[in-house]
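# One predicted model, sequence on top.
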Amino acid sequence: MSTTVLTYARVAVSALTKTYGARVAVDEVDLSLGSGIIGVLGPNGAGKTTLLRMLATVLAPDKGTISLNGLDPRVPAERVEIRRRLGFLPQSSELYPNFTPLELVDYVAVLKEHTDRDWRRREATRVLEAVGLADRMHQKIRTLSGGMQQRVALAAALLGDPELLVLDEPATGLDPEQRLELRSLLARSAGRGTVILSTHNTAEVAALCQRVLVMREGRICFTGTPGELRDLADGRVWESGGADATALRSWMTADGTFRHIGDPPAGATHVAATLDDGYLLSGAGR
């Protein structure tokens, strides 16, 4: 069974809102995203997971609209088509422990209404090989380590070369070598469409992403390139021999000096800003 893959995937969101009781998890978010890899940064409770679940059509918004590749998930027929073109990795993947990875990925293909059994088998094998599980695809999932189970879930998300990949903390449980392999996989996927990933790791954003969003209290407080996020801290980072009570943030570095972020005092020894510094000054880390 052939799969049509567009070279450009687009996400358009207007006034997107989701509440849980009195708590507003996502608060009238507007977004327009093109192709490439987009990172979503923010502290716990910022609304990242809720936003990604709505983009993956797993969760319906209370208000606002979503357009994914020109399709409206509120329309049942268009929602089915969106899900066939979309790959989703949730923050906590509930895998069937008595399935093998091959059976699990094949089952996801069935849920996406791929009816060609031979194609499903070939495609499931391909994505499991891509995540480094060629030698484990016939073992029961319950016997696999946490990192391997994360890779099974990632393989399921990669099924069919989706135009839109939505990944919630995809590097969770992966060792450093596997994180590097993940970067290569996502870079290839971005060449076919759009990858949106949430993370707490600014190093992943710096290494992978063409664009970054910062969320705080359900709202997008920054959108731009990683370089533009870093530049928010330009001229606002300095070092000294001790703590500085006037700084927004201070901490001791590995060499025993103190690094400060905020409004530097006269005569301060300025140092180059990093993406972490810009993130802290964006408002997300306050």
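Structure's in. What do you need?
# Could you look up the SS state of the closest residue to Leu208 other than its chain neighbours?
Once flanking residues are discounted, Leu208 sits nearest to Ile37: 5.1 Å by CB to CB, 6 or more residues apart in numbering. All C-beta spots, glycine's among them, are computed from the backbone N, C-alpha and C. Using DSSP: H, G, I helix; E, B strand; the rest coil, the structure places Ile37 in strand.
# Tally up the residues packed near Ile37, please.
As a burial measure, Ile37 scores 23 neighbours (other CB atoms under 10 Å).
# One more: the one 4 residues further on?
Taking other CB under 10 Å as the criterion, the count of residues near Leu41 is 27.
# That one and Glu204, how far apart?
Separation of Leu41 from Glu204 (CB to CB, to the nearest Å): 10 Å.
# Show me what the one helix or strand in the chain whose mean pLDDT sits lowest is packed up against.
Lowest on mean pLDDT, DSSP states H and E among the helices and strands of the chain sits helix 176-190, with a mean of 83. Applying 3 or more CB pairs under 8 Å, 6 or more residues apart in numbering; DSSP states H and E, we find helix 176-190 packed against strand 36-41, helix 146-158, strand 164-168, strand 194-198, helix 202-208.
# want to try a markdown table for the ones you listed, with distance to Asp135 and mean pLDDT as columns?
Formatted as a markdown table, these follow (distance: least, CB to CB, whole Å; pLDDT from 0 to 100):
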| stretch | distance to Asp135 | mean pLDDT |
| --- | --- | --- |
| strand 36-41 | 29 | 94 |
| helix 146-158 | 11 | 92 |
| strand 164-168 | 24 | 94 |
| strand 194-198 | 27 | 93 |
| helix 202-208 | 27 | 89 |
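# Looking at these, which is nearest to Val110?
helix 146-158 (11.5 Å; CB to CB).
# for that closest one, packing partners?
For helix 146-158, the contact count by 3+ CB pairs under 8 Å, 6+ apart identifies strand 86-89, helix 101-111, helix 117-130, strand 164-168, helix 176-190 as packing neighbours.
# Show me where this structure dips below the pLDDT cut-off.
Within the chain, the stretches with pLDDT under 70 are 1-9, 284-286.
# ok, and what's touching the strand or helix carrying Leu280?
Using DSSP states H and E, Leu280 falls within helix 275-281. Helix 275-281 is touched from outside by 41, 202-203, 205-206, 214, 226, 229-233, 236-237, 248-249, 261, 285-286, with contacts defined as CB atoms under 8 Å, 6 or more residues apart in numbering.
# In PyMOL, how would I select just the buried ones from those residues?
Buried members of the contacts of helix 275-281, defined by 16 or more other CB atoms under 10 Å, are picked up in PyMOL with:
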select buried, resi 41+202+205+206+214+226+229+230+232+233+236+237+249+261+285
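# What about the contacts of helix 275-281, which are in helices?
Those of the contacts of helix 275-281 mapping onto helices are 202-203, 205-206, 226, 229-231, per DSSP state H.
# Of these, which is the nearest to Thr50?
Once CB to CB is applied, the member of the ones in helices among the contacts of helix 275-281 that ends up nearest Thr50 is Val205, at 19.8 Å.
# Redo the helices and strands packed on helix 146-158 as a markdown table? Include distance to Arg10 and mean neighbour count.
Listed next are the helices and strands packed on helix 146-158 as a markdown table, based on distance: least, CB to CB, whole Å; neighbours: other CB atoms under 10 Å:
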| stretch | distance to Arg10 | mean neighbour count |
| --- | --- | --- |
| strand 86-89 | 13 | 24 |
| helix 101-111 | 24 | 20 |
| helix 117-130 | 24 | 18 |
| strand 164-168 | 9 | 26 |
| helix 176-190 | 14 | 16 |
